[in-house]
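K.L.:
test case, fold it:
(chains A, B and C)
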Amino acid sequence: MNVIELKNVSYKYSAGTPFEHTAVDNVSLEIKKGEFCGIIGHTGSGKSTLIQHFNGLIKPTSGEVLVEGKNIWSKEVNIKDIRFKVGLVFQYSEHQLFEETVYKDIAYGPKNMGLDKDEIDKRVRQAAEDMGIREELLERSPFDLSGGQKRRVALAGVMAMKPEILILDEPAAGLDPVGREKVLTKIKEYHEKYGTTILLVSHSMEDIVKYSKTVLVMNKGKVFCHDDTDNVFSRQEEILGIGLDVPQITKIVIKLRELGIDLGNDIYTIDRAKERILNYLR
Amino acid sequence: MLKDITIGQFFPGNSIVHRLDSRFKIILDILYVVMLFVAGNFYSLAVAGVFMLIIYMLSNISFRLIFKSLRPIFPIILFTCLLNLFFIKGEGEPVISFGFINIYMEGLTTSLFMTIRIVFLIIGMSLLTYTTSPIALTDAIESLFSPLKKIHFPVHELAMMMTIALRFIPTLIEETDKIMAAQKARGANLDTGGLIKKAKALVPVLIPLFVSAFKRANELALAMECRCYRGGEGRTRIKQLKSGVKDYIALVIFAVVLAGVILLNIYIPILGL
Amino acid sequence: MEGIINTENLIFEYSIYDENGDETGKNRVLENITLDIKEGGFVAVLGHNGSGKSTLAKHFNGILLPTEGKVLIDGIDSTDESRIYDIRQTVGMVFQNPDNQIVATIVEEDVAFALENLGVEPKEIRRRVDEALKIVDMYHYREHAPHQLSGGQKQRIAIAGIIAMRPRCIVMDEPTAMLDPKGRKEIMATIKALNKEHGITVILITHYMEEAAQADRVIVIDKGKILLDDVPKKIFSEVELLKSVGLDVPQATELMYDLRKSGVDAPSDIIDVDECAEFLFRLLSDKEQK
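P.N.:
You can find the predicted model right below:
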């Protein structure tokens, strides 16, 4: 079943002026329920504009956005319900923290949903636990936490709304290796625990291949490809051709192929590279 | 939206108006304002207005921008217009009588006169910012006010504050948009409800904005320190403000027109027009 | 020989206060750091967030002063207040967020800022601003407003604003952390050009190992102490030690490490793609011949 479907969606900035710029160009795509999809594309490829269509923050200039089969811009749909159904966490999400305590900040979304106090309490504590935020931190000011902790509080604030679909824009940007690993592992565990559909936007190819099962590549406002990670990476030369990076390990394998030894075109993790090399030696 | 306001915007160009010394431009603009307030009748007002339109033509600034600059001020113009229209009582019979509202001929003319004056005023002020970069304006203000340094008025500090404010306005507007989108994604209601509800809903936007502004200020101070900033003492500038013959000619032209306006004021009542 | 920056038993700590403003203890951020940075080098300081690497960097141009020990910049003690502007001109500093370093509304005015503060003649300012903008390849953008530029371009402007002072050393505190991959590449290329073509000493504070791998020397900081200090090849051969302090190694190095664990005789000093591919080629073609 498709939880999100885009039909011929285009979006133009400053439409009708000399500054008109098409950010999303006639995009049609389908996201399956329970999919963990990595979205890549360089700055200006339209990926940030695209993801804001999924929860109705941006209304397409033309085309239809369907969430769970319903056009979100039709009259019978309340756009606020869509925002609760499709959670969106922006880049550097710690900048949205504003409450006196971590608890209150995580509770902000659920409170806007109009839930009762007990339900809010349950959700706040659950979301905090899922994101690895210790209980004693809940009464602290969010501004006293470390960078990585703040980021996880912001994520918990969206997770507490229990969205069906969770979109994360660069959730690990600017964190050090330990912080990155922690945030991304927690997201993966969350996905496995609740089966939530996850769309993960990242510049880091290493992160995308490590965590997502499918990959959507955006280029110049269009979907370049959207497929299983293996199939996408079998087109590694094309991906390099549109100016995107591939993991260092893939570059090593490409170089090796140029020297005359082909280990296969589906290698993008160290484990798989090691396996192939050992097989070759056997 | 914020982006549509053209007042205070700068449109780079290379016209004679653009090239005038910014200090002179400020003085000339003040002269123009004086001209408008000295003008006591429609004739002298028309002279000042036509004069400004000629300068607009010299500056290559599109006339469409004139209307754009007036748009945000429209409520004020309308208010002045109606206020004069309804509250000025004339000597003769009212032209229009509508219940308790009486509109007199004097009200009509004064209202029209005041409206035209405000419109001309805005047009003149906007031309200054359209043709002068913010930094040149700041420099000019710093230079014009520098005599005040003798009485320990912080001229340089104020100019530096203006520069930094101008530099960070676009950054903070962008940031506000981002924070608003993030809170909307958490179900915030930012556009509906009464005034108090709206103000309350802004808290989740304003607090992050302040936190970020303070952080930026801190980092900027550090960066300025690393670049040897130590106040205005002994500072030089990459661009020196330079006045030339053209600036003095412009000054003379303005003075002549101002004199013309004053003369019109004196002679038109005498001629009984 | 004396380097451009020397630290001797540098200790930095700050006091912790409770709600009433009474001192309750001290937090030691840097512990006995002794370093010698040679002129002309490209040194990376690697460490995770909170390791003390940024605090150390701020000692290199007198923004922070040591609690104990000494910091000498070109022989000048950083506590010598009368020479603080000499220190700042010798060692320039670039920070993480490019937006928060740009003061003026026009690119060239911003690059001129330091020179204006120093009271340099307008003609000379013009010359040095143009030169600095050409070095970072941003001369065409000299009349742009900063907010019209990309992150990488803004960071290059910030760098130009520093090199206009003609410092002998530039300290960069995580200059690429907020940039996209393209911006990151631009900055790394700029850093290399500054170091190799213009002979400026570069100290790069980072937590990206692929950036540190490009330096001549890597200093690993953990809990305020120097953990390792060597050439990149030697540093990254310590895979387990680096991972234990929350750092990564390049994938090439990690592959070699994994192969070694599986009994393959793989070298420990491989850090880049070409070396790695060449080694694998030799390894696998030997096998074919047998």
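K.L.:
where do the helices sit along the stretch 51-200 of chain A?
P.N.:
A:79-85, A:102-112, A:117-130, A:147-159, A:177-194 (DSSP state H, counting those that start in this stretch).
K.L.:
out of these, which is closest to B:Lys197?
P.N.:
Closest to B:Lys197 of those, according to Cβ to Cβ: helix A:102-112, at 13.0 Å. Any C-beta I mention is one placed from the backbone N, CA and C, and that applies to glycine too.
K.L.:
near chain B, anything from that closest one?
P.N.:
Yes: for helix A:102-112 and chain B, the contact criterion (Cβ under 8 Å from any Cβ of the partner chain) is met by A:108-109, A:112.
K.L.:
let's verify C:Val111: helix, strand, or coil?
P.N.:
Following DSSP: H, G, I helix; E, B strand; the rest coil, we place C:Val111 in the helix state.
K.L.:
pLDDT wise, what is it at?
P.N.:
You'll see C:Val111 listed with a pLDDT of 97.
K.L.:
please apply the same query to B:Lys3.
P.N.:
With respect to pLDDT, B:Lys3 has a value of 47.
K.L.:
cool, B:Gly272 as well?
P.N.:
Per-residue confidence for B:Gly272 comes out at a pLDDT of 58.
K.L.:
what is the neighbour count of the closest residue to chain B within the stretch 101-250 of chain A?
P.N.:
Nearest residue of the stretch 101-250 of chain A to chain B (Cβ to the nearest Cβ) works out as A:Asn112 at 3.2 Å. Burial of A:Asn112 is recorded as 20 neighbouring residues (other Cβ atoms under 10 Å in any protein chain shown).
K.L.:
surely it touches B:Gly187?
P.N.:
Yes: contact between A:Asn112 and B:Gly187 holds when scored by Cβ atoms under 8 Å: they sit 3.2 Å apart.
K.L.:
isn't C:His198 right up against C:Val136?
P.N.:
No: when contacts are counted by Cβ under 8 Å, C:His198 is not listed as touching C:Val136 (10.8 Å).
K.L.:
quick one on the thing from earlier: any chance of the helices of the stretch 51-200 of chain A in TSV, plus distance to C:Glu13 and mean pLDDT?
P.N.:
Converted to TSV, the helices of the stretch 51-200 of chain A look like this (distance: least, Cβ to Cβ, whole Å; pLDDT from 0 to 100):
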stretch	distance to C:Glu13	mean pLDDT
helix A:79-85	47	91
helix A:102-112	28	95
helix A:117-130	33	96
helix A:147-159	22	95
helix A:177-194	24	94
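K.L.:
quick one: contacts for B:Leu20?
P.N.:
B:Leu20 is in contact with B:28, B:246-247, B:250, counting by Cβ atoms under 8 Å, 6 or more residues apart in numbering or on different chains.
K.L.:
at 7 Å instead, please
P.N.:
Residues in contact with B:Leu20 (Cβ atoms under 7 Å, 6 or more residues apart in numbering or on different chains) are B:246-247, B:250.
K.L.:
what do you get for A:Val153?
P.N.:
Applying Cβ under 7 Å, 6+ apart, we find A:Val153 in contact with A:97, A:102, A:105-106, A:133, A:142, A:145.
K.L.:
hmm, try it at 8 Å
P.N.:
Taking Cβ under 8 Å, 6+ apart as the test, what A:Val153 contacts is A:94, A:97, A:102, A:105-106, A:128, A:131, A:133, A:142, A:145.
K.L.:
before we move on, the earlier item: please flag which of the contacts of B:Leu20 sit within helices.
P.N.:
Among the contacts of B:Leu20, the members found in helices (DSSP state H) are B:246-247, B:250.
K.L.:
can you list contacts of the biggest strand by length in chain C?
P.N.:
Ranked by residue count, the top strand of chain C under DSSP state E comes out as strand C:23-37. With Cβ under 8 Å, 6+ apart as the test, strand C:23-37 has contacts from C:2-18, C:43, C:52, C:55-56, C:59, C:66, C:69, C:169, C:201, C:203, C:219, C:223-226, C:229.
K.L.:
what's the first helix or strand after it?
P.N.:
The helix or strand immediately downstream of strand C:23-37 is strand C:42-46, counting by DSSP states H and E.
K.L.:
interface residues of the stretch 1-150 of chain A facing chain B?
P.N.:
Contacts of the stretch 1-150 of chain A with chain B, taken as Cβ under 8 Å from any Cβ, map to A:52, A:55, A:57, A:80, A:83-84, A:87-90, A:93, A:95-98, A:108-109, A:112-113, A:143.
K.L.:
for PyMOL, what selects the buried ones among the residues you listed?
P.N.:
Entered in PyMOL, the line below selects the buried ones among the residues of the stretch 1-150 of chain A next to chain B, by 16 or more other Cβ atoms under 10 Å in any protein chain shown:
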select buried, chain A and resi 52+55+57+83+84+87+88+89+90+93+95+96+97+98+108+109+112+113
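K.L.:
by neighbour count, which of the contacts of A:Val153 wins?
P.N.:
Counting by other Cβ under 10 Å, A:Ile106 has the largest number of neighbours within the contacts of A:Val153, with 32 neighbours.
K.L.:
ok, which stretches of the stretch 101-250 of chain B are strands?
P.N.:
Secondary structure of the stretch 101-250 of chain B by DSSP state E, counting those that start in this stretch: the strands cover B:101-103.
K.L.:
I meant to write the stretch 151-282 of chain A there.
P.N.:
A:165-169, A:197-201, A:214-219, A:222-228.
K.L.:
what about the top helix by length along chain B, average pLDDT?
P.N.:
The single longest helix within chain B, with elements called by DSSP H, is helix B:155-185. Across helix B:155-185, the average pLDDT comes to 90.
K.L.:
follow-up on the earlier one: check the contacts of A:Val153 and tell me the two furthest apart.
P.N.:
Greatest spatial distance among these (Cβ to Cβ): A:Glu94 and A:Ala128, at 15.2 Å.
K.L.:
so which residue is dead centre in chain C?
P.N.:
The residue lying closest to the centre of chain C (Cα atoms, centre = their mean) is C:Leu204, at 1.0 Å.
K.L.:
can you check chain A too?
P.N.:
Short answer for chain A (Cα atoms, centre = their mean): A:Leu200, at 1.8 Å.
K.L.:
need the contact list for that residue.
P.N.:
A:Leu200 sits next to A:36-39, A:168, A:171, A:187, A:207-208, A:211-212 when contact means Cβ under 8 Å, 6+ apart.
K.L.:
which helices and strands sit right next to whichever strand or helix holds A:Ser28?
P.N.:
Using DSSP H and E, A:Ser28 falls within strand A:21-32. Judged by 3 or more Cβ pairs under 8 Å, 6 or more residues apart in numbering or on different chains; DSSP states H and E, strand A:21-32 is in contact with strand A:2-13, helix A:47-54, strand A:197-201, strand A:222-228.
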